[in-house]
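>>> attaching a predicted model along with its sequence, questions to come.
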Amino acid sequence: MQIIDTHCHYNLEPLWPEWQKHWVSAQASGVTHSVVVGTNVTTSRQALEIAASEANLRVAVGIHPSEYQEQLETPATFDNQLVSLSEIDTLASQAKVVAIGETGLDYYRLPDDQALQTQIKAAQQAAFEGHLVLAKKHDLPVIVHVRDVGEAAYWDVLALLKKHSLTQPFILHCVSGPIEYVKQALDLGAYLGLAGNLTYKTADHLRSIAKVAPADRLLLETDAPFLPPVPHRGQTCEPWMIAKTAQFLQTELGLNLDQLHANSQFLLD
Ligand SMILES: [Zn+2]
């Protein structure tokens, strides 16, 4: 089994700072390459540090939308350097960087305060647009994070992707959302990132999303240390566990793992 983990956080605790042992066991489980994904300026730098010494690790640099929520909820203690897009712009020129992200919109746990909610959404949207501009400038794919209790974030992401007429590939990482949104995103050229949560008993909806996508648009990811696949729910997701997700996709959804591996190649250049 050969696996490319298209989204992994060796740069986040508890995988960081002892990421090397996790990378070794991931390789023993069939992982050939992995993209280490940044979530702010510090973790994007850490991703570059990690990948510098390993030929088969690549990097995505970007600022997770939740950082903007934290910035607005705790302005007194938040380090604004963490969300500096000009810093991401600088990091994006480095050779190991293969994508911009993760960026996107996360309306999953917004505060009750309506005014603050509006501010958070506006900040996330502006940052997402900023990342799309950087993706064009550096001619890099975009790794998109979208999450919402309702549907708004999904449709807002789609509208902004259309507004910027992105010609670079983009990945809906850890894909979720209404089927109609997924279909429209696929029409725009989306790749769908399939993670460990596909294996959950209650994940019928996610499995139906995987089924509407053409086979050449599906990618595999861990999102480690998050979203451990069955039977490891409740534990830290470690990168080697992607083998469990891969087996599940093969046996339960009939997906071809060689195809998933081939689909991910564009990310490695
Ligand atoms: Zn992630």
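Yep, it's here. Numbers count the residues shown, from 1 in each chain.

>>> quick one: what helix or strand has Thr6 in it?
Here Thr6, judged by DSSP states H and E, is contained in strand 3-8.

>>> would you mark the buried spots in the very next helix or strand once past that strand?
Counting by DSSP H and E, the next helix or strand C-terminal to strand 3-8 is helix 19-28. Neighbour-count burial for helix 19-28, counted by 16 or more other Cβ atoms under 10 Å, picks out Trp19, His22, Trp23, Ala26, Gln27. Placement of C-beta: from N, CA and C, glycine included.

>>> okay, Glu13 and Pro225: tell me how far apart.
Between Glu13 and Pro225 the distance is 8 Å, computed by Cβ to Cβ, to the nearest Å.

>>> which of those two has more neighbours?
Neighbour count, other Cβ atoms under 10 Å: between Glu13 and Pro225, Pro225 has more, with 20 against 11.

>>> what residues does the strand holding Thr6 touch?
15, 26, 29-37, 60, 102, 143, 171, 173-174, 193, 195, 219-224, 239, 242-243, 246, 257, 260-261, 264-265, 267-268 (Cβ atoms under 8 Å, 6 or more residues apart in numbering).

>>> averaged pLDDT, the longest helix that the chain contains. What do you get?
Longest helix of the chain, by residue count under DSSP state H: helix 114-138. Taken as a whole, helix 114-138 has an average pLDDT of 98.

>>> which other helices and strands does the biggest strand by length in the chain contact?
When the chain is parsed with DSSP state E, its longest strand is strand 97-107. On a contact count with 3 or more Cβ pairs under 8 Å, 6 or more residues apart in numbering; DSSP states H and E, strand 97-107 meets strand 31-37, strand 57-61, helix 114-138, strand 142-148, helix 152-163.

>>> direction included, what does it pair up with?
Strand pairing for strand 97-107, using DSSP bridges, gives strand 57-61 (parallel), strand 142-148 (parallel).

>>> distance of Val144 from Ala262?
From Val144 to Ala262 the distance is 22 Å (Cβ to Cβ).
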